[in-house]
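A.B. asks: Build me a model from this:
(chains A and B)
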Amino acid sequence: MSPSNEYRFQVNLSGMIDILSNHLYSSPNVFIREILQNATDAITARYQHDPSHTGKVEIELTGGGETPVLMIEDNGIGLTEAEIHEFLAMIGHSSKTRTDQLPRETSSFIGRFGIGLLSCFMVSDEIVLLTQSVQGGPSMEWRGRPDGTYSIRQLGSQLSTGTRIYLKCKPDYEEYFDHEFVEELIFYYGALLPYQITLKSEASGIQVLNEGMPIWLSNPELSRTHKEEVLLLGEKLLGSTFSEFIPLTTASGKTGGIAFIVPHTVALNTKRAHRVYLKQMLVSERAENILPEWAFFLKSIIWTQELQPTASREQFYEDESLERVREELGGCIRNELMRMAQTDPGRLENLMVLHSLSMRALAAEDQTFYSIIYRWLPFETTFGTKTLGELADKEQVLYYTPTVDQFRQITHVASAQSFLVINGGYIYGQELLEHFPEIRPEVQVEQLNPEDVSLVFTDLTLEERSQYYDFVHIADAVLQRFRCQAQLKRFKPNDLPVVFIPSSDSLSLRSLERAQESSTAPFASILGSLSSIYNEAAYSNLYFNLDNPLVRRLCTVRHAEALAVSVETLYVNALLIGHYPVNQQEMKIFNQGILQFINWGMTLFDHKLGGEYS
Amino acid sequence: MTIFEELMMDAEQLPDGPAKLSLLEEAAKIADEAGDIHQGYKARLEIVDAANWSGYPLKVIAAYSWMLGKYDQFPNEFDAFRLLWRYKWIISTVAGFPEVSRQQIEDMLADMRRRFLEHGYSERTYLSCEYSALLTLNEIEDAELIFKKFRQMDRDGLSDCLACEQNELVNYYNIMDEDELVIKYAEPILNGKMRCSRVPHLTYSMVMMPLYRLGRIEEALQYQKKGYRMIRGDISYIWGIANHLEFFAHLDLAKGLGIFEESIPLLSEVEDSESRMVYYTKSAFFMKKLVEADVPFMVKLPKALTDQQSFGSFTDLQKYLVNQALILAKLFDQRNGNSGNYEWLESLEIW
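C.D. replies: Purely as a prediction, here's the structure:
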């Protein structure tokens, strides 16, 4: 292509401003960030000329209720006339630079400067800029307007080195020039900037807005001895009260910060929000990807000199350096928890209770973390709540149930027999227990199938066996249609007549059957076919307790109908006690059984009464 | 807050999987005990979603059947769109169990078609389901016809998202053994222009073998790495994991063995027989390569497997996997009334 047929298209500046304000920036608020950024860059550039220079930024609000004017002055490097033209040219050129990776280096300071200044048009119809370059030459005045025109002239007097920008409020944008608003935003973006920022107004006089970056933040290990100050800054910047924090640093020393432990339980899917400062200037308060996923119980203030922000400057590029930083910061958190485990286990325990869900999720995902904190993980057991550490120290084999229901179903049997069973049914319980031997190989973990509880049942003697053979035989026949077998054993507690122990398959089968009861034709037929997957394996057991007086009596009943109704009724009763879903047929049997018993009871009653009075 | 609400809220915070499902099932039970059909419906809607995305098809079917039954009983009480949308998942789920007969699948398809048309949707989504059922039934030629018909129709409110449909196109050409077309249609997914919560996870596993056959090994390896990371340890993607095994059977036995050790324990959780068959088949193929390369027998096997049988060599494992694959293939072929699965196993030369 020859240069003769190359053209340059015109960029409509007001259109650009619209694009900036509506698409790139989340709100006009960012004009404060942008002018602060320009000032910071100018001061940084001047440091390179003169390392002994003391930078400062003065902001002034004038104009009161009429048309407010915001003035911001820095004592940075200033601009020469040539540079002013250049930076305006750069606005037109900005589409040529990679806008998704706005360079922050001082070498391209001017190009960056132009774009940042554009954002001021979102709140002001005229920008006036007075500047004196450190390189000498006359002081200059530049006036720019949103239609893209500007004028430039030499000033008669010589200003001190630096730049001053005047923004006159656009109608309807008064709230952006409000004293409190400006004060808040400057602190918000610039709290950690390493030079003094003052705000002057008629009403409030001169205030210093920032204190620079505290030493314990640039060197987070020191934060341990500045606890009060750390917590105070956390409250000021993150807006909640904390009582615990974890210092963060990377090996390179180019990223660091403080992670505050959120003092209330955090939902797993809460957006992670961390405040991140790039070169001491706030980049984002919604950076999700700077800490590992599992760190959602933390809110942090992080500064970095090594990461690249995305165009919206609210996240960082997912690249290798971010991955490394994230891993190292995650390591800090892990190490701190480990430290806590050694030096202050009580604190860790509290943390576990408060953030138990996150801790469990993290442990299930990350074995190293699991091995550090398992000792404090609480589990419900038949002996009350115990930590996994206690359990592992005392028991060689840990038995657990995979669901809360199964735990409930066997808890009375197991605890009456001093048999320790862990409830693995709460969130991540089963996963954690299953992987436990990987971190404590000497401990065995066994899933307790409900049928295993029968191990702690005492078998009958041979004599008893033959004595009660008839009863078991009849009961078995009665229960056949429920795909259930009758077993006669002795077990504690004595006041428990029967225990229903399903096989896990029989539970799945029950839920399919229940769905079948309430579904439409094509589905009911398919559910019927699918039940066949379970049919063979799905025999459950109903255990009768020979140590129970009622069962003893039952064993001697000779009346076949009475025995059948009793067995059926006890069966459904055992289902209800065990929180098993009961189907329509079973409920019907139960109701009929009760009615039958009432009937028999009344007959007996009549008979007796009749006998006495007649 | 009631216990039901509490359970639902806790469940909402969890990723799809057994932990979430157990909370939701508890919630459904409480609703049933209280006789509250609205809450029962609400809990089951969540069960259907969570079980579908985490690979528990029987739970999907049980919960969905209940919902459909209640909807028919009280049609004005529940939202039809959300119910119909999920019907799509049911067909392929149900067809993955050889216990379900061909006639039952056809009846269900007819029921689905009637409901979709009654609610003013076109035949398109129904056709896409018929197509996937025909694939499972191994009626490839019919499936091809239906697929073409489906692609010619205009999308409507029940259509899958564009990324999913593109992924289906990739799958289609995969089945048709058109390697170049697989890559062509996978392009917008691979370069990130099309994606959703389920795509590109499986797309990566579908392009590895075609790329390998086309000699584009570097790219294949790159997608293997990306793709495996997205699906590892997830039983709902066991089918894709099997593809990674097949790929490494050709390329890197050591890496493949790592994937085998990681994935074989998952199998005891996989309910759906079609996925099991695919996994058994491809891992048997992988075992065969290990045997041929005379790799020393060092492999970590899950207890559930070694409890059944002891294994002394990769040949033992190969035999076991082949046998499992054959049992399932036979069941499916019986149901389907053809010999497609047996032929497929034979063509892969897994024994």
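
A.B. asks: Next up, identify which helix or strand residue B:254 is on.
C.D. replies: Applying DSSP states H and E as the criterion places residue B:254 in helix B:253-263.

A.B. asks: And residue B:77, by the same measure?
C.D. replies: Per DSSP H and E, there is no helix or strand for residue B:77.

A.B. asks: Give the buried residues for the helix or strand residue A:259 falls within.
C.D. replies: Assessed by DSSP H and E, residue A:259 sits inside strand A:255-261. Across strand A:255-261, burial judged by 16 or more other Cβ atoms under 10 Å in any protein chain shown covers A:255-261. To be clear about C-beta, it is placed using only N, CA and C from the backbone, and glycine gets the same treatment.

A.B. asks: Pipe those into TSV and attach pLDDT and distance to chain B per row.
C.D. replies: As requested, these are exported to TSV (pLDDT from 0 to 100; distance: Cβ to the nearest Cβ, whole Å):
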residue	pLDDT	distance to chain B
A:255	93	25
A:256	93	29
A:257	94	27
A:258	94	26
A:259	94	21
A:260	93	21
A:261	91	19
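
A.B. asks: Can you tell me which of these is closest to residue B:76?
C.D. replies: residue A:261 (49.6 Å; Cβ to Cβ).

A.B. asks: my guess is residue B:93 meets residue B:59, correct?
C.D. replies: No - between residue B:93 and residue B:59 no contact is recorded; they are 10.1 Å apart, counting by Cβ atoms under 8 Å.

A.B. asks: More neighbours: which of these two?
C.D. replies: For residue B:93 versus residue B:59, neighbours defined as other Cβ atoms under 10 Å in any protein chain shown are more numerous around residue B:59 (25 against 21).

A.B. asks: Could you measure from the more buried one over to chain A?
C.D. replies: Distance, residue B:59 to chain A, by Cβ to the nearest Cβ, to the nearest Å: 8 Å.

A.B. asks: Spatially nearest residue to that residue (excluding sequence neighbours)?
C.D. replies: Residue nearest to residue B:59 in three dimensions, not counting chain neighbours: residue B:51, with 3.9 Å by Cβ to Cβ, 6 or more residues apart in numbering or on different chains.

A.B. asks: And for that neighbour, the neighbour number?
C.D. replies: 30.

A.B. asks: same question, residue A:364
C.D. replies: 20.

A.B. asks: close to chain B, is the helix or strand harbouring it?
C.D. replies: Residue A:364 is part of helix A:356-365, with elements assigned from DSSP H and E. Yes - on the criterion Cβ under 8 Å from any Cβ of the partner chain, helix A:356-365 is in touch with chain B at residue A:357.

A.B. asks: model confidence over that helix, on average?
C.D. replies: Helix A:356-365 carries an average pLDDT of 79.

A.B. asks: how about low-confidence regions in the stretch 101-250 of chain B?
C.D. replies: Regions of the stretch 101-250 of chain B meeting the criterion pLDDT under 70 are absent.

A.B. asks: Compute the distance between the residue lying closest to residue A:564 once chain neighbours are set aside and chain B, please.
C.D. replies: Of all residues not flanking residue A:564 in the chain, residue A:478 sits nearest, at 5.0 Å (Cβ to Cβ, 6+ apart). From residue A:478 across to chain B, the span is 26 Å (Cβ to the nearest Cβ).

A.B. asks: so residue A:478 makes contact with residue A:568?
C.D. replies: Yes - at 6.1 Å, residue A:478 and residue A:568 qualify as touching, with contact defined as Cβ under 8 Å.

A.B. asks: residues making contact with the host helix or strand of the residue nearest to residue B:59?
C.D. replies: Secondary-structure assignment from DSSP H and E places residue B:51 in helix B:37-54. For helix B:37-54, contacts defined as Cβ atoms under 8 Å, 6 or more residues apart in numbering or on different chains pick out B:4, B:8, B:11, B:16-18, B:20-21, B:24-25, B:27-28, B:30-32, B:57, B:59-60, B:63-64, B:66-67, B:70, B:74, B:77-78, B:82, B:86, B:89, B:93, B:197-198, B:234-236.

A.B. asks: Repeat that for stretch A:467-476.
C.D. replies: Contacts of stretch A:467-476 (Cβ under 8 Å, 6+ apart): A:460, A:485-488, A:542, A:544, A:546, A:554-555, A:560, A:563-564, A:567.

A.B. asks: Give me every residue in chain A lying close to chain B.
C.D. replies: Within reach of chain B by Cβ under 8 Å from any Cβ, chain A has these residues: A:267-269, A:357, A:403-405, A:425, A:427-428, A:430-431, A:508, A:511-512, A:514-516, A:518-527, A:529-530, A:532-533, A:579, A:581.

A.B. asks: what element comes up after the helix holding residue A:364 heading to the C-terminus?
C.D. replies: Beyond helix A:356-365 toward the C-terminal end (DSSP H and E), the next one is helix A:367-373.

A.B. asks: ok now that next one, how far from the chain's centre?
C.D. replies: Helix A:367-373 has its C-alpha centroid displaced from the chain centroid by 18 Å (Cα atoms, centre = their mean, to the nearest Å).

A.B. asks: do stretch B:273-280 as well
C.D. replies: Using Cα atoms, centre = their mean, the offset of stretch B:273-280 from its chain centre is 10 Å.

A.B. asks: Now the residue of the stretch 201-350 of chain B found nearest chain A: which helix or strand?
C.D. replies: Nearest residue of the stretch 201-350 of chain B to chain A: residue B:271, at 8.6 Å (Cβ to the nearest Cβ). Assigned by DSSP H and E, residue B:271 belongs to neither a helix nor a strand.

A.B. asks: Where does pLDDT dip in the stretch 501-614 of chain A?
C.D. replies: In the stretch 501-614 of chain A (pLDDT under 70), the answer is A:503-504, A:507, A:535-538, A:609-614.
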